[in-house]
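Student: Requesting a structural model of the entry that follows:
(one chain, ligands or ions: 2)
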Amino acid sequence: MGTGSSKNADGGSHAGEEREDEQLYVSLKMEKYKLKGELIPHVYGSVPLVGSWDSSKALSMERESTSTWELSFVVPPNHETLDFKFLLKPKYSSAPAIVEEGPNRLLTGGHLQGDTRLAIFRLSADEVLEYPVFIKADRVSPFDLAASWRAYQENLQPSTVRGIPDVSINSVPETDIENGSSVCLELDLEHYVVPAPSTSTNSGLVYAANMAETPRSLTCSGVFSISDGSVNPSHSLKDSGVSVDRPAPIKEMEIVVPDPARVYSGSGMVESKSVGTFSPLQKQDSHRGILVDRGVGSPRLVKSASSTTFSLDLKLNTETKNPMPAAAGAVAAGAIADQMLGPKEDRHLAIVLVGLPARGKTFTAAKLTRYLRWLGHDTKHFNVGKYRRLKHGVNQSADFFRGDNEEGVEARNEVAALAMEDMISWMQEGGQVGIFDATNSTRRRRNMLMKMAEGKCKIIFLETICNDERIIERNIRLKIQQSPDYAEEPDYEAGLRDFKNRLTNYEKVYEPVEEGSYIKMIDMVSGLGGIIQVNNISGYLPGRIVFFLVNTHLTPRPILLTRHGESLDNVRGRIGGDTVIRYGQAHSRELSRVLVQLLGSPSTADTVACAGRNKCWSM
Ligand SMILES: Nc1ncnc2c1ncn2[C@@H]1O[C@H](COP(=O)(O)OP(=O)(O)O)[C@@H](O)[C@H]1O
Ligand SMILES: O=P(O)(O)OC[C@H]1O[C@@](CO)(OP(=O)(O)O)[C@@H](O)[C@@H]1O
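Tutor: Ligands and ions are numbered 1, 2, ... in the order given. Now for the predicted structure:
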């Protein structure tokens, strides 16, 4: 070990480039020094920083390990000359210091002159002490210096970085940390532009119905005979007009998705205590509370202690201790559904959509199909519109959909029966969940489907209801753009008129679902709440489907991912690790504030800021 200087200090910095803002970081070490009485190694020298050759102002070295002492300081790289020497100085007494033998050590413009690797101290005529010394000089940026300064602060150790008043630039003052404001963060974030969401989750080009099953039975449509405005497929649906109500519902529960602005903390509510696990309350028969956490901002489901009403609390839980990612949340939801809704059923399941046109049926069907497939269930989406288009062409006018147009009704029932037939055949070949996508807007149609399903699969009706005129208008316009029904209509306004007439025709005969097992999604699309009603639903898969629908987002919205606030490891220039994020608290609060400012409301974006062992949920 001896005197040396780093490559950078030798002028080789950054391939010869010298940046004006760089500083020279000088690090001095003395090795093998065991305390000699009260003598402590010091350094003094020619510039005020190191005492201007006044030994009383010499800088003390710090003990780095048992026998290694260390001192570092910063000088401008173009500093003309820095002469310095090591000295041993009594800690308490005013006894004279012992200065090292030999010429001054010289640092000129960042270059170390000479090659003296030993510091020699003559205590008396016959007592001489020799210690290896190591001298290193590096060019560093102000940023690195600031980081180094903070690292020392975080370690709660006295700083050995001397004479660099500017290193505290960028550091967050204590008071700011506590108050949760950070100037630097604010500057960074407030220039961030949130990408505008596309107007459609279907992205405008791909119409989800086109991705539905390709009709396989259209070639054998002759097996169907149509009479009396009802359909008599080969299964003979003589009673298709007769109500085939299932046994009286076992119980009815309502899942209310409130406006997040409204906080549900009313009396009688039983809140689950843990996240992603069963609440202790679930063990009590009459007080089963459930809670699913899919990550930041996920709804919490709580059950009233006294009634059969489930309330979905969309308020954000910032005190979440064990947040769970979405996939884990889905699995937990399934497990919860298992517990809540009984044993797994080994049955084929038909989810039959119900709703007026432009209510999000196809959208929901496609989304649910994807979800169930992702869970590993063999699922297919059957869109009756696709069958109708194949059999009767794409140019059917609104008249075709009139409730008093017998031919039209028959034709529509026929293709609906074809699709149902295909779905059942597929189930008999092993398919698990069929999603049957049509308006199915009359009780008579639904009876026909229930008859066809008897003994073959269980039917759950999934009705989408929307009362928001603005959303309906937006959906209608999307339909005109996306549906193949209007692809050949050059006049957009004419298409719009026709679709509105079609809608009116459906409205005249529409009968909301009141029979069988059903799930109703009411006004779920606005992103500001809504209601889910669930009737006579039991079993593993239906439970999962309910949870999916409760948690699903129907409106386009940005998802912003952010890195965590500054951790101690970050300050040291390390990636990874699991250190505290002292500045992360301020970061998360500031992030939350700025995002609310940028996005308008916390409900329009979920933000996760997490770091190491301290997780910060920002919104
Ligand atoms: N629950 C819902 N209520 C209202 N609109 C919805 C819902 N879910 C999705 N939407 C929106 O409705 C638009 C049209 O949906 P689509 O599925 O084609 O309607 P439908 O099949 O009922 O005719 C979709 O692009 C979607 O943005
Ligand atoms: O036979 P119904 O139940 O009316 O449902 C199918 C019909 O619904 C419509 C209503 O417009 O659905 P889609 O929007 O999926 O195309 C028609 O295309 C389709 O023929």
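
Student: quick one, phi/psi of whichever residue of the stretch 301-450 of the chain sits closest to ligand 1?
Tutor: Closest to ligand 1 within the stretch 301-450 of the chain is Gly360: 2.2 Å, counting by Cβ to the nearest ligand atom. C-beta coordinates here come from the backbone N, C-alpha and C atoms, glycine included. Per-residue torsions, Gly360: phi 90, psi 20 (degrees, to the nearest 10).

Student: From Ser141, how far out is it?
Tutor: Distance of Gly360 to Ser141, given as Cβ to Cβ, to the nearest Å: 54 Å.

Student: neighbour count winner among the two?
Tutor: Gly360 (20 against 12; other Cβ atoms under 10 Å).

Student: ok, that one touching Asp468?
Tutor: No - shown here, Gly360 and Asp468 do not form a contact pair, counting by Cβ atoms under 8 Å, at 11.5 Å.

Student: any residues in contact with both of those two?
Tutor: Shared contacts of Gly360 and Asp468 (Cβ atoms under 8 Å, 6 or more residues apart in numbering): Val525.

Student: which residue sits closest to the residue of the stretch 301-450 of the chain closest to ligand 1, ignoring its sequence neighbours?
Tutor: With sequence-adjacent residues excluded and distances taken as Cβ to Cβ, 6 or more residues apart in numbering, Gly360 is closest to Thr464, at 5.0 Å.

Student: Now for that neighbour: which residues touch it?
Tutor: Thr464 sits in contact with Leu353, Val354, Gly355, Arg359, Gly360, Lys361, Thr364, Met521, Met524, where contact means Cβ under 8 Å, 6+ apart.

Student: Switch those over to TSV; also include distance to Thr504, pLDDT and secondary structure.
Tutor: Shown next, in TSV, are those (distance: Cβ to Cβ, whole Å; pLDDT from 0 to 100; DSSP: H, G, I helix; E, B strand; the rest coil):
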residue	distance to Thr504	pLDDT	secondary structure
Leu353	20	98	strand
Val354	18	98	strand
Gly355	15	98	coil
Arg359	14	96	coil
Gly360	19	94	coil
Lys361	18	96	helix
Thr364	23	95	helix
Met521	23	95	strand
Met524	24	88	coil
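
Student: picking that back up, check whether the residue nearest to Gly360 sits in a helix, strand or coil.
Tutor: When classified by DSSP: H, G, I helix; E, B strand; the rest coil, Thr464 comes out as strand.

Student: and Lys451, helix, strand or coil?
Tutor: helix.

Student: Quickly note the distance from it to Val509.
Tutor: 20 Å.

Student: same question, Val133
Tutor: Val133 is 96 Å from Val509, by Cβ to Cβ.

Student: Same check on Arg502?
Tutor: 12 Å.

Student: Just want to know which of the two has more residues nearby.
Tutor: Of the pair Arg502 and Val509, Arg502 is the one with more neighbours under other Cβ under 10 Å, namely 24 against 17.

Student: in whichever helix or strand that one is part of, what counts as buried?
Tutor: Using DSSP states H and E, Arg502 sits within helix 492-509. Under the neighbour-count criterion of 16 or more other Cβ atoms under 10 Å, helix 492-509 has Gly495, Leu496, Asp498, Phe499, Lys500, Arg502, Leu503, Asn505, Tyr506, Val509 buried.

Student: same thing with stretch 530-547?
Tutor: In stretch 530-547, counting by 16+ other Cβ under 10 Å, buried: 530-547.

Student: so Lys414 is in which element?
Tutor: Careful, residue 414 is Glu and not Lys. Counting by DSSP H and E, Glu414 is part of helix 406-428.

Student: I'd like the average pLDDT over that helix.
Tutor: When pLDDT is averaged along helix 406-428, the result is 96.

Student: Can I get that helix in CSV, CA atoms only?
Tutor: Provided in CSV are the C-alpha atoms of helix 406-428 (Å, rounded to 0.1, in the frame of the first residue of the first chain):
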residue,chain,number,x,y,z
GLU,A,406,-92.9,-11.9,-37.4
GLU,A,407,-90.4,-12.9,-40.1
GLY,A,408,-87.7,-10.9,-38.4
VAL,A,409,-88.4,-12.4,-35.0
GLU,A,410,-88.4,-15.9,-36.5
ALA,A,411,-85.1,-15.3,-38.3
ARG,A,412,-83.5,-13.9,-35.2
ASN,A,413,-84.7,-16.8,-33.1
GLU,A,414,-83.5,-19.2,-35.7
VAL,A,415,-79.9,-17.9,-35.6
ALA,A,416,-80.0,-17.6,-31.8
ALA,A,417,-81.0,-21.3,-31.7
LEU,A,418,-78.3,-22.2,-34.1
ALA,A,419,-75.7,-20.5,-31.9
MET,A,420,-77.1,-22.2,-28.8
GLU,A,421,-77.0,-25.5,-30.5
ASP,A,422,-73.4,-25.0,-31.5
MET,A,423,-72.6,-24.0,-27.9
ILE,A,424,-74.2,-27.0,-26.4
SER,A,425,-72.5,-29.3,-28.9
TRP,A,426,-69.2,-27.8,-28.1
MET,A,427,-69.9,-28.3,-24.4
GLN,A,428,-70.7,-31.9,-25.0
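
Student: Identify the residue of the chain closest to ligand 2, quick one.
Tutor: Relative to ligand 2, the nearest point of the chain is Gly385 (2.5 Å; Cβ to the nearest ligand atom).

Student: pull the CA atoms of the helix or strand where that residue lies into PDB?
Tutor: According to DSSP H and E, Gly385 maps onto helix 384-392. Taking Å, rounded to 0.1, in the frame of the first residue of the first chain, the C-alpha atoms of helix 384-392 are listed here in PDB:
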ATOM      1  CA  VAL A 384     -75.600 -14.300 -32.300                       C
ATOM      2  CA  GLY A 385     -75.000 -11.200 -34.400                       C
ATOM      3  CA  LYS A 386     -72.300 -13.000 -36.200                       C
ATOM      4  CA  TYR A 387     -74.600 -15.900 -37.000                       C
ATOM      5  CA  ARG A 388     -77.300 -13.400 -38.200                       C
ATOM      6  CA  ARG A 389     -74.900 -11.700 -40.400                       C
ATOM      7  CA  LEU A 390     -73.700 -14.900 -42.000                       C
ATOM      8  CA  LYS A 391     -77.200 -16.200 -42.500                       C
ATOM      9  CA  HIS A 392     -79.100 -13.000 -43.400                       C
END
